[in-house]
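Undergrad: Sequence plus predicted model, see below.
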Amino acid sequence: MFDYKHSVIYQIWPRSFFDSSHDGIGDIQGIIRKLPYLKKLGVDAIWICPLYQSPNDDYGYDISDYYSINPEYGTMADLTELIHKAKDAGLQIIMDLVANHTSTKHKWFQEALKDPSSPYRDYYYFREGRNGQPPNNWLSFFGTSAWTKAEGNMYYLNLYAETQADLNWNNPAVRIAIQNIMNFYLDMGVSGFRMDTINTIDKKEGLPDKNPDKEGLQFADDYITDRENVRVWLKEINEKVLQPHDAFALGEGIMVTPEKVIEYTKPSHHELNMMFQFDLITLGYGELGKYDCRRLYHYSHADFKRITRLWQTQMLKNDGYIGNYLSNHDHQRSLNHFGDVHLYRSRSAKMLALYNFALYGTPFIYQGEEIAMVNPHLKESDWKDYECLHSCQAMTSILGIPPFIAKILSSLVTRDNSRTPVQWNASANAGFTDAKPWMMVNPDYQKWNVEQQMNDPESVWNFYHRCIEIRRSHEALCTGDFQEILADHPSVLAFYRTDEKEKLLIIINLSKMPASIHLPAMQGSDILSNCPSVKLKEHMHLKPYEAHLFLIH
Ligand code: TEU
């Protein structure tokens with residue numbers, strides 16, 4: 001297995017990465033063309049979001065054939081070439097495995113639909129409705145009923161979109177089918193998988209109503225997440241598929257707690273190697289998720305610090321392991337969420353990079369983050385994302401938000417924000433394509449693009465490059481202990497990362513306001529900073545978003 005604890009992983013959302021085939025859509029050959037770029041940046045592995053055949057209702061997360069590649073992205077031969085060329089360049093490929101559900105266009109589902117006595121019927125959750133209503137009151141993650149009518153009074157379960165039917169993992173044939181798919185790609189040479197929504201594969205037996213006393217649809221949280229068979233089935237995959245290939249598994253789990261992540265990732269449990277946590281990226285959301293705007297997306301720096309502290313200390317103390325990230329394809333750009341896109345775009349982008357690279361856990365970079373890409377100003381006519389289109393309605397029907405306000409709020413948090421094409425240079429369409437791009441390019445590309453930033457020694461790109469080098473040359477950042485200081489400071493996060501060889505001090509002003517701090521007396525040299533030429537002192541005045549990594553002598 002590759003050394004994931006000493007690696008940096010770059011996430012590619014292929015549709016918007018780089019178009020080589022002149023159709024306005026990113027593709028596999030486009031990724032191949034950019035391997036030297038990724039190598040130059042210094043990353044070790046690439047996680048590629050789904051490339052498989054898909055009707056694209058959820059842009060690849062609705063798979064209609066696991067054994068073929070979406071022709072918009074290329075062919076199986078292209079994928080083989082990518083795997084080999086990446087290997088030659090020393091880059092690992094991590095595929096996305098979406099196995100909680102398939103597209104309703106998948107032949108398993110089509111067979112199940114055609115013929116109730118087909119063996120494929122039991123690949124899914126088909127249930128009779130109750131008095132003209134769905135079989136239970138569960139709410140999908142996209143804000144509508146988790147059941148869709150198949151025919152007559154028969155419904156199927158879909159925790160996500162109605163075209164993403166949940167697979168019934170209780171059926172051993174389903175588990176074997178998934179294991180076969182994994183074997184197929186591992187045999188082709190991929191290093192492992194990011195396993196989509198993996199903690200929802202087991203549902204509460206009998207699929208009972210959630211909160212039957214409350215009216216309306218209910219979010220079925222503990223009925224659908226982290227049920228006991230998840231671990232049983234992961235152990236099965238680990239033993240039968242992952243171990244024989246010495247392969248890597250990263251789990252995406254919805255609403256996971258540190259306790260759960262520890263269970264899934266503790267090496268002695270033989271389940272997953274790493275998980276993502278959502279606490280940080282969902283800061284400011286209400287309890288029903290991203291489209292629950294009742295907190296107006298407000299969060300405090302104290303919350304940011306509390307979450308960092310909790311996950312760092314719990315993972316280190318209990319042998320759990322996480323990947324750290326601040327953006328992905330499901331959320332708005334990290335700079336809009338946690339930084340400042342106007343006055344301090346570069347400085348706050350560097351602050352976030354320093355934060356992400358200073359933590360225990362493998363750092364992830366989401367495409368474009370290394371050049372400080374920000375949310376575009378999307379008009380409703382620019383929206384592409386299913387989640388946005390549907391959750392907007394849910395905001396109105398469940399939360400009672402007037403439609404025009406729901407639309408404004410949706411624009412702030414829609415996944416479309418992070419799905420605009422990567423800005424490669426200042427030429428037309430940001431050099432992403434020479435055709436009409438499938439999605440709008442952020443008009444700020446003239447100033448903010450890869451080419452310009454690679455040539456500027458003070459750029460965000462060069463700061464990321466440096467972060468990767470620093471992480472590589474300071475073992476304490478990868479495996480050292482985490483000890484927080486200034487825990488009560490309202491906006492400054494400060495902590496040591498220590499191992500037997502060295503002690504590093506990280507100081508980060510999370511705020512757009514200046515801040516003052518008092519530190520214990522010590523000597524140190526600044527090895528990474530977004531405000532250089534600052535000395536470590538007992539009394540320090542930090543500028544907005546100022547961040548340092550000091551090596552303590
Ligand atoms: O996402 C799972 C998911 O629901 C996340 O969107 C998470 O709950 C959310 O970010 C918290 O606000 C995965 C994929 O990443 C996503 O693109 C798919 O739409 C989804 O699964 C269904 O496959």
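TA: That came through fine.
Undergrad: mean confidence for stretch 427-443?
TA: Stretch 427-443 carries an average pLDDT of 98.
Undergrad: Near the ligand, which residues of the chain are found?
TA: 58, 61, 98, 141, 160, 196-197, 252, 254, 278, 282, 289-290, 329-330 (Cβ under 6 Å from any ligand atom). C-beta: built from backbone N, CA, C; applies to glycine.
Undergrad: Strands of the stretch 451-553 of the chain, residue ranges please.
TA: Per DSSP state E, counting those that start in this stretch, the stretch 451-553 of the chain carries strands over the ranges 481-485, 492-498, 503-509, 515-518, 524-529, 539-542, 547-552.
Undergrad: Of those strands, flag the one that's most buried.
TA: Scoring the strands of the stretch 451-553 of the chain by mean neighbour count under mean count of other Cβ atoms under 10 Å gives strand 503-509 as the most buried, with a mean of 24.
Undergrad: Summarise which helices and strands it is packed against.
TA: Secondary-structure packing of strand 503-509 (3 or more Cβ pairs under 8 Å, 6 or more residues apart in numbering; DSSP states H and E): helix 345-358, helix 475-479, strand 492-498, strand 539-542, strand 547-552.
Undergrad: Listing partners with orientation, what would you give for it?
TA: Paired neighbours of strand 503-509 in the sheet (DSSP bridges): strand 492-498 (antiparallel), strand 547-552 (antiparallel).
Undergrad: Any idea which of the ones you listed gets closest to Y123?
TA: For the strands paired with strand 503-509, distance to Y123 was read as Cβ to Cβ. The smallest value, 46.7 Å, belongs to strand 492-498.
Undergrad: Need the residues that contact that closest one.
TA: By Cβ atoms under 8 Å, 6 or more residues apart in numbering, the residues outside strand 492-498 that reach it are 301, 304-305, 308, 312, 355, 358, 360, 476-477, 480-486, 503-511, 515, 517, 519, 542, 552.
Undergrad: which intervals of the chain have sub-threshold pLDDT?
TA: When residues are selected by pLDDT under 70, none of them lie in the chain.
Undergrad: Could you find the residue in it that comes nearest to the ligand?
TA: Y61 (3.4 Å; Cβ to the nearest ligand atom).
Undergrad: Just say helix, strand or coil for the residue nearest the centre of the chain.
TA: Central residue of the chain (Cα atoms, centre = their mean): N328, 4.3 Å from the mean position. Per DSSP: H, G, I helix; E, B strand; the rest coil, the secondary structure class of N328 is coil.
Undergrad: That one touches Q11, doesn't it?
TA: Yes. In terms of Cβ atoms under 8 Å, N328 counts as a neighbour of Q11; the distance is 6.1 Å.
Undergrad: could I get the helices and strands packed on strand 503-509 as a markdown table with distance to I527?
TA: Formatted as a markdown table, these follow (distance: least, Cβ to Cβ, whole Å):
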| stretch | distance to I527 |
| --- | --- |
| helix 345-358 | 11 |
| helix 475-479 | 11 |
| strand 492-498 | 12 |
| strand 539-542 | 16 |
| strand 547-552 | 5 |
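Undergrad: Identify each buried residue in stretch 197-208, please.
TA: 197-203, 207 (16 or more other Cβ atoms under 10 Å).
Undergrad: chain center to that stretch, what's the gap?
TA: Its chain's C-alpha centre and that of stretch 197-208 lie 22 Å apart, by Cα atoms, centre = their mean, to the nearest Å.
Undergrad: Restricting to C-alpha, output it in CSV.
TA: Coordinates of each C-alpha in stretch 197-208 appear next as CSV, following Å, rounded to 0.1, in the frame of the first residue of the first chain:
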residue,chain,number,x,y,z
THR,A,197,-21.4,7.5,1.5
ILE,A,198,-20.1,4.2,2.9
ASN,A,199,-21.6,4.4,6.4
THR,A,200,-25.2,4.4,5.0
ILE,A,201,-25.0,0.9,3.3
ASP,A,202,-26.9,-0.7,6.2
LYS,A,203,-30.4,0.5,7.2
LYS,A,204,-32.4,-0.2,10.4
GLU,A,205,-34.0,-3.6,10.1
GLY,A,206,-37.7,-3.4,9.1
LEU,A,207,-37.2,0.2,7.8
PRO,A,208,-39.5,1.6,10.5
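Undergrad: can you list the domain ranges for the chain.
TA: 4-101+171-379+417-469, 107-164, 481-552 (automatic domain parsing).
Undergrad: sorry, back to before: export the buried residues of stretch 197-208 as a markdown table, with columns for distance to V190.
TA: As requested, the buried residues of stretch 197-208 are exported to a markdown table (distance: Cβ to Cβ, whole Å):
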| residue | distance to V190 |
| --- | --- |
| T197 | 20 |
| I198 | 17 |
| N199 | 22 |
| T200 | 23 |
| I201 | 21 |
| D202 | 26 |
| K203 | 29 |
| L207 | 34 |
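Undergrad: which of the residues you listed sit farthest apart?
TA: Longest span within these, Cβ to Cβ: I198 and L207, 19.5 Å.
Undergrad: ok now do M454, which residues does it touch?
TA: Contacts of M454 by Cβ under 8 Å, 6+ apart are 40, 461-462.
Undergrad: contacting residues for I237?
TA: 175, 178-179, 182, 249.
Undergrad: Tell me the secondary structure at N429.
TA: helix.
Undergrad: And for N170?
TA: Per three-state DSSP, N170 ends up coil.
Undergrad: That one: neighbouring residues, count only.
TA: 15 (other Cβ atoms under 10 Å).
Undergrad: Go ahead and confirm it touches V230.
TA: No. At 11.8 Å, N170 and V230 do not qualify as touching, with contact defined as Cβ under 8 Å.
Undergrad: so what sits against both of the two?
TA: D202.
Undergrad: which stretches of the stretch 201-350 of the chain form helices?
TA: 221-224, 228-237, 243-245, 258-265, 301-318, 334-338, 345-358 (DSSP state H, counting those that start in this stretch).
Undergrad: so which of those is the most packed in?
TA: Of the helices of the stretch 201-350 of the chain, helix 345-358 is the most buried (mean count of other Cβ under 10 Å), at a mean of 25.
Undergrad: So what angle separates the directions of that one and strand 503-509?
TA: Orientation check (axes from the mean of the first three to the mean of the last three Cα atoms, to 10 degrees): helix 345-358 against strand 503-509 gives 140 degrees.
Undergrad: So which bits of stretch 180-191 are buried?
TA: So, applying 16+ other Cβ under 10 Å, buried residues of stretch 180-191: 181-182, 185-186, 189-191.
Undergrad: on that earlier part again, name the member of the residues of the chain next to the ligand with the most neighbours.
TA: Across these, neighbour numbers were computed from other Cβ under 10 Å; V98 holds the maximum, 28 neighbours.
Undergrad: List phi and psi for it.
TA: When read as degrees, to the nearest 10, the backbone of V98 gives phi -110, psi 100.
Undergrad: which residue packs closest to it, ignoring adjacent ones?
TA: D196 (4.3 Å; Cβ to Cβ, 6 or more residues apart in numbering).
Undergrad: Nearest residue to I485 in space, please, no chain neighbours.
TA: A494 (4.9 Å).
Undergrad: That neighbour bridge partners, please.
TA: Applying DSSP bridges, one finds that A494 bridges with I485, I507.
Undergrad: What's the separation between it and D340?
TA: Distance of A494 to D340, computed by Cβ to Cβ, to the nearest Å: 20 Å.
Undergrad: now M95
TA: From M95 to D340 the distance is 35 Å (Cβ to Cβ).
Undergrad: Also E259?
TA: With Cβ to Cβ as the criterion, E259 and D340 are 34 Å apart.
Undergrad: what does E546 give?
TA: 13 Å.
Undergrad: Settle it for me: which of the two has more neighbours?
TA: Ranked by neighbour count (other Cβ under 10 Å), E546 and D340 place E546 first, with 24 against 19.
Undergrad: pretty sure the more buried one is touching M351, no?
TA: Yes. Between E546 and M351 there is a contact under Cβ under 8 Å: 7.4 Å.
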